[in-house]
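[1] give me coordinates for this.
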Amino acid sequence: MITIVVGTNRKNSVSRQVAEYYQSILETKGMDSQIVDLVDLPGDFTTTALYSENGNNPVFNDMREKVQSSDKLVFIVPEYNGSFPGVLKAFIDGLKYPEGLRDKKSALIGVSSGVQGGVLAMAHLTDIFNYLGMHVLALKPKLAGIERNFSEGKVTNDLYNQLLNEQAEKLIGF
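    Residues are numbered from 1 along each chain as shown. Sure, this is the predicted structure:
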């Protein structure tokens, strides 16, 4: 099972739509997947699920277990202020350490309105994942100008589609 993590808690996010699109790509390749969307995090999870409260929030625990029980993960990484959303870092901090992500395989997809496609966000996140012992696939599609390249639930840019399909194939074989 591959778990796709939507890296923002923004409601009705483009990142969620990209996650659903990527899930459809995996499905065409015969792979089962599930989506963990940070929009489902309890609003108070930083005080009811982390640190001394670890294990006390059943909603957070369920989301954490879905991530930790997967061998392969895909992170849809929107770019916020030159990095990734703080809620994603807080979620990662709530995973078991050090075993939560160690030796898992992952793929990153950057999403941005701007021209960089989340390159800085993915670089920051890759550093964190390397520190945690997770293996990150080198191919990281950067979906720049997402609003111009995504319509009716589908990526409309041929190059982006080629990169997403290539990444999915590499992740399956990873």
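[2] angles on the backbone of the residue nearest the centre of the chain, please.
    Taking C-alpha atoms, centre = their mean, the centroid of the chain lies closest to F75, which sits 1.6 Å from it. Phi and psi for F75, reported as degrees, to the nearest 10, are phi -110, psi 120.
[3] likewise for H124?
    Dihedral angles for H124 - degrees, to the nearest 10 - are phi -60, psi -40.
[4] thinking again about what came up before, pretty sure the residue nearest to the centre of the chain sits against T3.
    No - using C-beta atoms under 8 Å as the test, F75 is too far from T3 to be in contact (9.5 Å). The way it works is simple: take the backbone N, C-alpha and C, and place the C-beta from them, glycine included.
[5] and V39, its phi and psi?
    Per degrees, to the nearest 10, the backbone of V39 is at phi -60, psi -20.
[6] that one: how many residues sit nearby?
    Residues contacting V39 under the criterion other C-beta atoms under 10 Å number 14.
[7] same question, D103
    Counted with other C-beta under 10 Å, D103 comes out at 10.
[8] got a list of what it touches?
    133-135 (C-beta atoms under 8 Å, 6 or more residues apart in numbering).
[9] if we use 10 Å, what do you get?
    71, 132-135 (C-beta atoms under 10 Å, 6 or more residues apart in numbering).
[10] before we move on, the earlier item: find residues that contact each of F75 and T3.
    36, 67, 106.
[11] and the last one, which of the three is it?
    Following DSSP: H, G, I helix; E, B strand; the rest coil, we place S106 in the strand state.
[12] over to the first one?
    Taking three-state DSSP as the rule, one finds V36 in the strand state.
[13] how close does it sit to P85?
    Distance, V36 to P85, by C-beta to C-beta, to the nearest Å: 14 Å.
[14] could you do A107 as well?
    18 Å.
[15] check E53 too.
    21 Å.
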